[in-house]
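Enquirer: Structure here, sequence nowhere to be found:
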């Protein structure tokens with residue numbers, strides 16, 4: 001019977017925490033990094049950011065869409 005070993009992985013460091021970034025809806029270039037090519041907001045698992053910054057990114061993307069800095073859907 002094969003033995004299953006548990007992989008030990010290092011905890012990801014949030015790139016936004018390391019740089020001390022506060023997310024704002026006017027920083028469109030930063031927000032575009034966390035939106036897929038189809039216009040969806042990427043999750044924490046794919047981006048590697050912490051929960052605090054994920055909430056800020058989500059809020060920022062939604063506000064930027066509302067004031068037409070980002071589009072709702074990419075075609």
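Expert: Yes, it's here. These figures come from a predicted structure and were not determined experimentally. Numbers count the residues shown, from 1 in each chain.
Enquirer: Can you give me the neighbour number for the residue nearest to residue 13 when sequence neighbours are not counted?
Expert: Spatial nearest neighbour of residue 13, chain neighbours left out: residue 48 (7.9 Å); criterion: CB to CB, 6 or more residues apart in numbering. Backbone N, C-alpha and C define where each C-beta goes, glycine included. When counting by other CB atoms under 10 Å, one arrives at 12 neighbours for residue 48.
Enquirer: Surely residue 48 is in contact with residue 12?
Expert: Yes: counting by CB atoms under 8 Å, residue 48 does reach residue 12; the two are 4.4 Å apart.
Enquirer: ok, the residue most central in space within the chain to residue 5 distance?
Expert: By CA atoms, centre = their mean, the chain has its centre lying nearest to residue 34, at 4.2 Å. Residue 34 sits 34 Å away from residue 5, going by CB to CB, to the nearest Å.
Enquirer: and the gap between residue 71 and residue 5?
Expert: Taken as CB to CB, the span from residue 71 to residue 5 is 46 Å.
Enquirer: Next up, the contacts around the spatially closest residue to residue 51 that is not a sequence neighbour.
Expert: Distances taken as CB to CB, 6+ apart place residue 44 nearest to residue 51, at 6.8 Å, with adjacent residues excluded. For residue 44, the contact set (CB atoms under 8 Å, 6 or more residues apart in numbering) comprises 50, 51, 54.
Enquirer: and the last one, how far is that from residue 48?
Expert: Computed with CB to CB, the distance linking residue 54 and residue 48 is 10 Å.
Enquirer: Let me see the ranges of the helices in this structure.
Expert: 15-19, 28-32, 44-47, 51-66 (DSSP state H).
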